[in-house]
Structures are given as C-alpha cells and as structure tokens.
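# requesting a structural model of the entry that follows:
(2 chains, ligands or ions: 2)
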Protein chains: 2
Amino acid sequence: TVDAAAADFLALSKEFAKFEEQNKTYVSHLDAVYTSQSKNLKDLSHHKYRLAQISESLKKLKDLSPDEKVILENLKIELAQRKAQLNDIAGTLPAKNNIYLRIVLGNVNVSLLSKAERFKYKDEYERFKLVVTVISTIWSFCNLFLFEHRVMDAAFHFLLVWYYCTLTIREGILRMNGSKIQPWWVAHHYISTFQAGVLVTWPDTVIYHAFRNQFFYFSLYLGLVQMLQYRYQHGQLYKLKALGERSSMELTVEGFHSWMWRGLGFLLPFLFGGYFLQLYNAYTLWNLSKDPRCHEWQVGICAIVFFVLFLGNTVTTLIVVKRKFQQ
Amino acid sequence: TVDAAAADFLALSKEFAKFEEQNKTYVSHLDAVYTSQSKNLKDLSHHKYRLAQISESLKKLKDLSPDEKVILENLKIELAQRKAQLNDIAGTLPAKNNIYLRIVLGNVNVSLLSKAERFKYKDEYERFKLVVTVISTIWSFCNLFLFEHRVMDAAFHFLLVWYYCTLTIREGILRMNGSKIQPWWVAHHYISTFQAGVLVTWPDTVIYHAFRNQFFYFSLYLGLVQMLQYRYQHGQLYKLKALGERSSMELTVEGFHSWMWRGLGFLLPFLFGGYFLQLYNAYTLWNLSKDPRCHEWQVGICAIVFFVLFLGNTVTTLIVVKRKFQQ
Ligand SMILES: CC(C)(COP(=O)(O)OP(=O)(O)OC[C@H]1O[C@@H](n2cnc3c(N)ncnc32)[C@H](O)[C@@H]1OP(=O)(O)O)[C@@H](O)C(=O)NCCC(=O)NCCS
Ligand SMILES: CC(C)(COP(=O)(O)OP(=O)(O)OC[C@H]1O[C@@H](n2cnc3c(N)ncnc32)[C@H](O)[C@@H]1OP(=O)(O)O)[C@@H](O)C(=O)NCCC(=O)NCCS
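Ligands and ions are numbered 1, 2, ... in the order given. Reported below is the predicted structural model:
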C-alpha cells in the first residue's frame, strides 16, 4: 500500500540524514588531504632544492685535511640516504603528468598513491599484454593459413597500432608512478606504432606479397616469445612483492636471484632469436626495395625501422643483462 | 668549507624531521579518506537500491483513493529530490571506469572530485580540440594548394585517427565525471576514427584522386565550423560557471538563455551546411563506387560512413535544439 511505501521512505530518510552527514565529513577531510598534499609537495621541492645546493657546494671543496675528508665522506652517505627518504615521500604524493600523458589524457591525475595500487596496476598491465598477445598470435596464424585478404591484414596492422599506442599510455602511467622501465622499451613501442601505421598504408602489390608471409611468421614467433616473457615478468612481479613483504620469510634475496637467472637463461635465447629475425626482416626488405618492380616508399622505411629495432633491442638487452650480472 | 656544509645539512635535517612527521600524518589521513570513501560508496549503492525498490513498489499500486493519490504524488516528488541528492553525493565519490577506459588505461582512477577540477578539465578539452582543429585546417589547406603527395595525405589521416582516438578517451573521462555529452557525439568520434583508418588504407588510384580534393575542401570547411563551435562551447562553459557561482549576480538565467540562442542561431546554419556536405560526400563516393575503374572496397564503405554521420548528426542536432526549445 501507499502507506507502507511512505513508511519505508521515512525509515530510509533517517538513514539518509546520517549518510549525508558522513558524506559531508568525508568531503571536508578530502579537502584537508588535498591541502596538505600541496603543502607536502612544496616542502618536497624545497628539500630537494636545498639538498642539491649542499651537494653542489661539496663538489667545489679542495685541499681537505684527513679529518675533513672523514666528515665529507659521512656527509655524502647521509645525503644519499636523505635522497632515498625523499623518494619514498615522493611516492606518497601525486606526480605531474609527462608531456605525452598531458596531451592524450589532459591534466587528470593518474597517480597511484599506495604500493598495493601500484602492484595491481602493473599486474593488470602484464595481463593486458598477454591477452592482446594471444589474440594477435591467433590472428597471425589465421592470416597465414586460413584467409589471405588485404583487409584482414590491414585490420591486424590496425590492432597493432591501437595496441602499441595503448601500451605507450599505460607505460607513461607506470613510469609516472615510479616504474623503472628502460626508456628504450617505451621508445620501442612508439616506433612500433609508427611501423604498424606504415604497414597499414602499404598497397597490395607484388612486393607486399613477397614479404607478407615472412611478416606473419615473424609475428607468430614474436607472440610466442611474448608469452614466455609474460611468464618471466609475471613471476618476477610476484616474487618482488613477496620479497617486499618482510613478514613472508620463505623467499631470500639469493633465492630470488637464482630464480631470476634461471628465468632469464631460458628467455634470453628466444629474445635474441627474435632480434635476429628483425635483422633478417630488415635485410629482406632492403633487398626488396632494390627490386625494379618496387615503387613503394614503405619498403625502405620498414627496412630501416626493423634495423633500428634490432639494434636498440640487442644493445638494451645486453646492457640490462650486464647490469644484472654486476649486481 | 666542509663544516659549513655539515652545519647546513644539520639545519636541514631538523626541518626534515618535521616534514617527515607531517608526511606521515598526511599518509594516515589519506588512508582514512580512502576508507571512508569505500564506506560512502557502499552506502550510496545501498540507498540507490532501496530507492529503486520503493519506486518499483509504487508502480504496482492500483485503485487508490483520492487521499492516497495525494500521498503518492508527494512521495514521487520526494523520491525525485532524493535522487538528485544522491547524484550530488555521487559527484564527490570516484566512479568506476567504463569498459573502454578500463581497456585503454587500465584501472587507474581518473575521477575529478571537485567542480573546479571538472571545469579545468573541460576547459582544457575544448582548448585541445581547438589546437588540433587549427593544425588540421592549415594542413588541409596545404594539401590542397601546396603539395600533393599520398604520404602527406596518409599522415593527415593518421593525425585524424590519433585525434579522434584521443577524443574518445577524454570524453570517456568527461562522461565518467558527470558530463552530459550526448552518446551520439562520442559514437561519432569512434566512427570517425574508423573512417580515418579506412582512408589511410585507400591506395593511390584514379578514384582516390577523383575524391581527394573534395575531401580536403570538406576538411577545410569542417575546421572552420569547429572553430565557431569552439567559440560557442567555450562561451557556454564560462557562462555556466558564472551562473553556478551564486555570488556573481551579473548573469541571470534569462540572460544566459538569450545568449545561448544567439550563439546557436549563428552556429546552426554552419553545422547544417557541414551535414549537407557529408551527405554530398556520401553521394559522390557512392557514384564513384559504381565506376568501372573502381576496384577498392574503401569507396563504398566511406560512402556508407559519411551517410551514417550525416544522419546521426542531423537527427541528434535536431533533437538537442528541440529539447532546448521546450525548456
Ligand atoms: C631483458 C628483460 C627480460 C629483463 O627484464 P627485467 O628483469 O624485468 O628488467 P629490469 O630489471 O631492467 O626491469 C626494470 C623495470 O622495467 C620493466 N620492464 C622490463 N622490460 C620491459 C619491457 N620489455 N616492457 C615493459 N616493461 C619492461 C620491469 O617490469 C621493471 O618494472 P618495475 O620497475 O615496475 O618493477 C626484459 O627487459 C625483456 O623482456 N626485454 C625484451 C623485450 C623485447 O625484446 N621485446 C621485443 C621482442 S623481439
Ligand atoms: C548542437 C550543439 C551546438 C549543442 O551544444 P550544447 O548547447 O553544448 O548541447 P547540450 O546542452 O546537449 O550539451 C550537453 C553536454 O554535451 C557537451 N557537448 C555538446 N555537443 C558536443 C560535441 N559535439 N562534442 C563534445 N561535447 C559536446 C556540452 O559541452 C555539454 O557538456 P557538459 O554536460 O559537460 O556541460 C552541439 O552539440 C554541437 O556543436 N554539435 C555539432 C557537432 C558536430 O556536428 N560536429 C561535426 C561537424 S559537421
């Protein structure tokens, strides 16, 4: 009946009054947190500036007595510790978006202010890569063995444009939140976006068909390697998390290192296989671009891009492995 | 000297101790705000659910006495008011990303929790559109009168792919934060992304050249119309802001409406001009697709897409104008 509904609503209204009160408190607390956030940011840059000043002044010192040298060394250690502390504090505060994110997203705040949030975001990023990799691997397979039509090829290249573009956005967010992804891997995804774009515009010529199958075999291989890479990176993410939680004592730093080297030892041959294929693609395309039937500008460009990718990937991976070895 | 630097550092360390303390307080307040945020979200959905239940039960009522009808009417008004109140509260809480944002950005929180932030974000969105529109207008002009090369055309189409893609992301963020953009305009930008993608793949044929110039004239016109649209939408944004700030009494609701109708009256003929050109593009392309020299699938697809855009734009604009007229 109407009366029952009215009574219901009255009861709900009493609850609502409390809820409204609670929401008001929340909003005022939120405002207070924003205010103290700005204050923290100001203090942070002040401390960074003063620290840089002191570091600068130390560099200028000359002709020190042995006593002074001891003080200097101690001071340097303390400065390094302070920098680490400031970094920890910076992790609790929102960072400014880099220029790319500012252009694509605008000035919306995409900071992840807790370790748990950052872990979740990274985990999701890896899973996203896996899902698209599986799709693109299946698609490469179909393009190779089931249908051969330029429209399906173009749709595949568009998937890649979209995928690499999305990766650059997500990696921008990750880097803003303190991930130490090598700049090359991000650059790699910008370059790959460009390359997929060039492949889209390649018309359906004899030369295109001379390269098409090699390209999809390469994509197939890349997809499989990326699945292995997922296994490694996913494992590493979870191990590092366990390592960070001091309560779980199952995992030691040595245990982590031996796990990592086993993983890397398995992964690296496949990675270098992929880089070799990139070099081979560059070589094939370069020869094709010399073919008298070739009138397309895409061929030479793609050859150069594959070579750049080969070079950057090989050098970066070698540097990363060397650094890990020295640690 | 070293001693001076050490003294400096000591002084800074005292400041730092205070700063660290303050940062700890900030972090604990932040955690508390997050906790109360989750609590608020839970309560919000509880209230929404109960309200829907009561509304549902009212619909089932039949054979009411006149007294009961009065109660019913009052109850309905109160329910509507409560819904508006709940919406206000929802504006202070983060919303869940829609599926598109979840795929592109992942589960990062892009809520703008205050009116000032939302205004700034929208303002920036309009400015972003203006900047890209100016660039694409100049580019169309150059493609028409200065250089004629398929590569420059392809680069232009890629700019459009990127631009419309970016718009869909930003509009996703805007909608999540309560903007009432008609779904059609968002759909329009998805469709435009697709169309620009198709144009990229169109090879350099006779048919392409038969349509090329018409397309760039159309782009030129569209750029100019979008600049007019910017003037209107930018003005509206600032007027609405002034209207929202009760302190500034210069602007009345009537003043706003007369301003809006003047702006619309100026803008609408240009908009309908643009829609007519879209129809004309569809017509031209349809005829070209019948041409015996035409072997490209892109022509028919583009014709259909232009027709869909013409239809959607015309219908939506008419509906919007009619709704504004009735208010
Ligand atoms: C060589 C490799 C296995 C080392 O991985 P690693 O042990 O995680 O390397 P690092 O210690 O330098 O990682 C630093 C950070 O960068 C991330 N990272 C490393 N390689 C990455 C890649 N290719 N893409 C994205 N992120 C990467 C790590 O996850 C880590 O992130 P975190 O700071 O948020 O924890 C890895 O870089 C890799 O897989 N590279 C090959 C990529 C490639 O060649 N792709 C093309 C295939 S042919
Ligand atoms: C007709 C028109 C002028 C009405 O604008 P309006 O008065 O702002 O319309 P509404 O009151 O429906 O606006 C509701 C919301 O949608 C936004 N909006 C309206 N049209 C929009 C569009 N085309 N793109 C993005 N946002 C739009 C408004 O800014 C407003 O946002 P808010 O809720 O955050 O304040 C506008 O919709 C328009 O310019 N349409 C033409 C777009 C077009 O045809 N483009 C292709 C050119 S040929």
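
# residues in contact with residue A:235?
A:259, A:263 (Cβ atoms under 8 Å, 6 or more residues apart in numbering or on different chains). C-beta coordinates here come from the backbone N, C-alpha and C atoms, glycine included.

# separation between it and ligand 2?
Separation of residue A:235 from ligand 2 (Cβ to the nearest ligand atom, to the nearest Å) stands at 44 Å.

# can you check residue A:74 too?
58 Å.

# that residue - how many residues pack around it?
12 (other Cβ atoms under 10 Å in any protein chain shown).

# quick check: it vs residue A:88, distance?
In this view, residue A:74 and residue A:88 are 21 Å apart by Cβ to Cβ, to the nearest Å.

# not counting sequence-adjacent ones, nearest residue to the closest residue to ligand 2 within the stretch 151-300 of chain A?
Going by Cβ to the nearest ligand atom, ligand 2 is nearest to residue A:169 of the stretch 151-300 of chain A, at 20.9 Å. Leaving aside its sequence neighbours, residue A:169 sits nearest to residue A:104 (Cβ to Cβ, 6 or more residues apart in numbering or on different chains; 6.0 Å).

# quick check: residue A:55 touching residue A:79?
Yes - with contact defined as Cβ atoms under 8 Å, residue A:55 and residue A:79 form a contacting pair (6.0 Å).

# enumerate every residue touching the most centrally placed residue in chain A.
Nearest to the geometric centre of chain A sits residue A:171, at 3.2 Å (Cα atoms, centre = their mean). Counting by Cβ under 8 Å, 6+ apart, residue A:171 touches A:125, A:179, A:181, A:185-186, A:189.

# 10 Å instead, please
Neighbouring residues of residue A:171 by Cβ atoms under 10 Å, 6 or more residues apart in numbering or on different chains: A:100, A:125, A:179, A:181, A:185-186, A:188-190.

# which bits of chain A sit near ligand 2?
For chain A, the contact set with ligand 2 under Cβ under 6 Å from any ligand atom is empty.

# can you give the domain ranges for chain A?
Domains of chain A are assigned by automatic domain parsing as A:2-93, A:112-326.

# got any ranges where chain A has weak pLDDT?
Along chain A, the model assigns pLDDT under 70 to residues A:245-251.

# any idea whether whatever residue of it ends up closest to chain B is helix, strand or coil?
Of all residues in chain A, residue A:203 sits closest to chain B, with a separation of 4.1 Å (Cβ to the nearest Cβ). Per DSSP: H, G, I helix; E, B strand; the rest coil, the secondary structure class of residue A:203 is coil.

# got it, and residue A:85?
Reduced to three states with three-state DSSP, the structure at residue A:85 is helix.

# so how many other residues sit close to it?
By other Cβ under 10 Å, the residues close to residue A:85 number 15.

# ok, it - contacts?
So residue A:85 contacts A:47, B:16, B:19-20, B:23 (Cβ under 10 Å, 6+ apart).

# look up phi and psi at the closest residue to residue A:176 other than its chain neighbours.
Distance criterion Cβ to Cβ, 6+ apart; nearest residue to residue A:176, sequence neighbours excluded, is residue A:95 at 5.2 Å. Backbone torsions of residue A:95, given as degrees, to the nearest 10, read phi -100, psi 160.

# residue A:95 contacts residue A:172, doesn't it?
No - Residue A:95 is beyond contact range of residue A:172, at 11.2 Å (criterion: Cβ atoms under 10 Å).

# any residues in contact with both of the two?
Listed as contacting both residue A:95 and residue A:172 by Cβ under 10 Å, 6+ apart are residue A:110.

# out of these two, which sits in the busier spot?
Between residue A:95 and residue A:172, residue A:172 has the larger neighbour count (other Cβ under 10 Å), namely 21 against 15.

# go through the domains of chain A and pick out the most buried.
Comparing the domains of chain A by mean neighbour count (mean count of other Cβ atoms under 10 Å in any protein chain shown), domain A:112-326 ranks first with a mean of 16.

# that domain and ligand 1 in contact?
Yes - counting by Cβ under 6 Å from any ligand atom, ligand 1 is contacted by domain A:112-326 at A:122, A:179-182, A:185, A:222, A:225, A:229, A:232-233, A:236, A:267, A:271, A:274-275, A:313, A:317, A:320.

# considering only these, which also neighbour chain B?
residue A:122 (Cβ under 10 Å from any Cβ of the partner chain).

# picking that back up, for the domains of chain A, which one sits closest to residue B:133?
When the domains of chain A are compared by Cβ to Cβ, domain A:112-326 sits nearest residue B:133, at 21.1 Å.

# chain center to that closest one: distance?
How far domain A:112-326 lies from its chain's middle: 12 Å, per Cα atoms, centre = their mean, to the nearest Å.

# got the end-to-end distance for it?
From its first residue to its last, domain A:112-326 covers 32 Å (Cα to Cα, to the nearest Å).

# how about the contacts made by the residue in the stretch 101-250 of chain A positioned nearest to ligand 2?
Residue nearest to ligand 2 within the stretch 101-250 of chain A (Cβ to the nearest ligand atom): residue A:106, separated by 13.6 Å. Going by Cβ under 10 Å, 6+ apart, residue A:106 touches A:97, B:110, B:120-125, B:127-128, B:166, B:169-170, B:173-174.
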